[in-house]
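**Q** Here's a sequence, model it:
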Amino acid sequence: MIVSVVRTISLVLLSISGALLFAGAAKAIEVITGSSNSMNYQVSLVAQDLSVPWGVTFISPNQLLITQRHGEAVIIDTAGNNRTQVKGLPNVAAAGQGGLLDVVTEPGYQLPNGWLYFTYSKMLGDQAVTVLARSKLDQDTLTQWQELLVTNSATTSYRHFGSRIAFDQQGHLFFSVGDRGERPNGQDLTTHAGCILRLNMDGTVPADNPFVSTPDVLPEIWSYGHRNPQGLAFDLRNNRLWAIEHGPRGGDEINLIVKGSNYGWPVTSHGKEYWGPLSVGEATEKEGIVSPHKVYIPSIAPGSLLHYTGDAFPGWQGDLFAGALKLEHINRLSLNKDGDIISEERLVSPLKERIRALIQSPEGWIYFTTDSGNLYLISPER
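**A** Numbers count the residues shown, from 1 in each chain. Here you go, the predicted structure:
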């Protein structure tokens, strides 16, 4: 990839600091350009001054609803001109890695009757859990709030909540829960921690889930042996679910999620212990455990996952995009027809931003958020 910085980024951000905060900003402002797979693109700054913008979804063709981890949400138009505070959110356990997390509109979503799905952490006594809920949006207010699943994942830790949401558009919802900082949870099927779960859209359990008839196993579990999956993406064309998860020190993984499968944590891992050069688990591979499609060493610290299907960038169709927190880039992965990862590219590195959430727009552009509080847009270069 050839990247040209069209102006010194720090000076650009300084000069427009505050200009995009509220109504009155004219338009998104270009900050860098680049080339990928023979396509030229530009990256524009749309909005600033968000607080760890964790999840983002389109509620109309030109409006984004963005969750902020501390427990608030805003609606921002795609020009960055207007910002509206969202009312009606629940109290969340905003500590450590917890808080208000993902938000996704249901397939075919339309205001005001469509459902918005959320994940977040909340307190149960002195412990925190990951929760899946849904609500409807009436102008700027969330109504008909429903907790669909308060997961069995309570610990006093504020680590590894997950949690991303994906739909198969066949009436099912997937969402991820991290191991909650307790490694044995990954292999314990009496807890939702360390699992990817599958539900019907109303929160009930599908009859064809893999462990519905298995005694002493939670029926919502679709796959297990996960450490902290913070990216989920469903490939509708090929009917397959992808996940990306944090390893310990090294060993982030991209996995193709198969019904009822064990992904190994903490029995298998490609990462190292934090206190020394010791491997985690028994091995990197083991019979009966699904091996990852890709391992990142060193860790990129993945924050999201997108399966791109848009027409704006034909050379990216079918690719996976992961937001990298620690290594501060968007990780683009090309797949062959069998789903094998055949190449990797690192985009937007000059921004030096921790990339959190990614979403594809109706035009096929890509919006992304950063932990510094910015909302950016990748679009074809004018």
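
**Q** Check which element follows the strand or helix carrying Ile76 along the chain.
**A** Per DSSP states H and E, Ile76 falls inside strand 72-77. Remark: after strand 72-77, the chain's next helix or strand is strand 83-85, criterion DSSP H and E.

**Q** Let me see the mean pLDDT of that following strand.
**A** Mean per-residue pLDDT for strand 83-85: 97.

**Q** tell me, what residue is most central in this protein?
**A** Centrality entry for the chain: nearest residue to the mean C-alpha point is Ser304, 3.2 Å, by C-alpha atoms, centre = their mean.

**Q** Surely that residue touches Gln230?
**A** Yes: the criterion here is C-beta atoms under 8 Å, and Ser304 meets it with Gln230 at 6.7 Å. The C-beta positions use only the backbone N, C-alpha and C, and glycine is treated the same way.

**Q** Helix, strand, or coil at Gly34?
**A** With DSSP: H, G, I helix; E, B strand; the rest coil as the basis, Gly34 sits in strand.

**Q** is it true that it touches Ser349?
**A** No: using C-beta under 8 Å, Gly34 is not in contact with Ser349; the gap is 9.3 Å.

**Q** Need the residues touching each of Ser304 and Gln230.
**A** Overlap of the contact sets of Ser304 and Gln230 (by C-beta atoms under 8 Å, 6 or more residues apart in numbering) consists of 164, 244.

**Q** How about the secondary structure of the nearest residue to Phe321 once chain neighbours are set aside?
**A** Leaving aside its sequence neighbours, Phe321 sits nearest to Leu306 (C-beta to C-beta, 6 or more residues apart in numbering; 4.3 Å). Using three-state DSSP, the secondary structure recorded for Leu306 is strand.

**Q** Relative to Val92, how far out is Leu306?
**A** Applying C-beta to C-beta, to the nearest Å, the value for Leu306 to Val92 is 24 Å.

**Q** returning to that earlier point: who's more crowded, Gly34 and Ser349?
**A** Per other C-beta atoms under 10 Å, whichever of Gly34 and Ser349 has more neighbours is Gly34, with 20 against 16.

**Q** Which strand residues bridge that one?
**A** Val3, Tyr41 (DSSP bridges).

**Q** Pro229 too?
**A** According to DSSP bridges, beta-bridge pairing links Pro229 with Glu245.

**Q** so it touches Leu241, yeah?
**A** No: Pro229 is beyond contact range of Leu241, at 10.6 Å (criterion: C-beta under 8 Å).

**Q** shared neighbours of these two, anything?
**A** Common neighbours of Pro229 and Leu241 (C-beta under 8 Å, 6+ apart) are Ile196.

**Q** Just give the strands next to the strand holding Ile76 in its sheet, each with its orientation.
**A** strand 63-68 (antiparallel), strand 83-85 (antiparallel).

**Q** That strand: how far from the chain's middle?
**A** Counting by C-alpha atoms, centre = their mean, to the nearest Å, strand 72-77 is centred 17 Å from the centre of its parent chain.

**Q** How about the contacts made by Gly264?
**A** So Gly264 contacts 186, 225, 281, 286, 289-291 (C-beta under 8 Å, 6+ apart).

**Q** ranking those residues by neighbours, who comes first?
**A** Gly186 (26 neighbours).

**Q** Just the mean pLDDT for the helix or strand containing Phe175, thanks.
**A** Using DSSP H and E, Phe175 sits in strand 172-177. Mean pLDDT, computed over strand 172-177, is 98.

**Q** outside of that strand, which residues touch it?
**A** Strand 172-177 has contacts (C-beta under 8 Å, 6+ apart) with 102, 117, 119, 130, 132, 151, 153, 161-168, 192-201, 206, 222, 226, 229-230, 232, 234, 241, 243, 245, 257.

**Q** For Arg183, what are phi and psi?
**A** With angles defined as degrees, to the nearest 10, Arg183 sits at phi -60, psi -40.

**Q** What separation do you get for it and His172?
**A** Distance of Arg183 to His172, computed by C-beta to C-beta: 29 Å.

**Q** how near is the closest residue in space to Arg183 that isn't next to it in sequence to Arg227?
**A** By the measure of C-beta to C-beta, 6+ apart, the closest residue to Arg183 outside its immediate chain neighbours is Pro266, 4.1 Å from it. Computed as C-beta to C-beta, the Pro266 to Arg227 distance reads 7 Å.

**Q** So which of the strands paired with strand 72-77 is nearest Met39?
**A** strand 63-68 (23.7 Å; C-beta to C-beta).

**Q** Quickly list what's touching both of Pro266 and Arg227.
**A** 179, 186.

**Q** Same drill for those two, tell me which one is more crowded.
**A** Here Pro266 and Arg227 are compared on neighbour count by other C-beta under 10 Å; more neighbours surround Arg227, at 26 against 20.

**Q** Report the contact partners of that one.
**A** Neighbouring residues of Arg227 by C-beta under 8 Å, 6+ apart: 160, 178-179, 186, 194, 245-248, 265-266, 269.

**Q** For it, give me phi and psi.
**A** The phi and psi values for Arg227, taken as degrees, to the nearest 10, are phi -90, psi -60.

**Q** Now do the residue nearest to it when sequence neighbours are not counted against Gly247, distance only.
**A** Leaving aside its sequence neighbours, Arg227 sits nearest to Trp265 (C-beta to C-beta, 6+ apart; 4.4 Å). Distance, Trp265 to Gly247, using C-beta to C-beta: 9 Å.

**Q** Check Asp168 too.
**A** 26 Å.

**Q** which of those two has more neighbours?
**A** In this view Asp168 and Gly247 are compared by other C-beta under 10 Å, and Gly247 has more residues nearby, 25 against 16.

**Q** burial of the nearest residue to the more buried one once chain neighbours are set aside, as a residue count?
**A** Leaving aside its sequence neighbours, Gly247 sits nearest to Gly271 (C-beta to C-beta, 6+ apart; 3.8 Å). Counted with other C-beta under 10 Å, the neighbours of Gly271 add up to 25.
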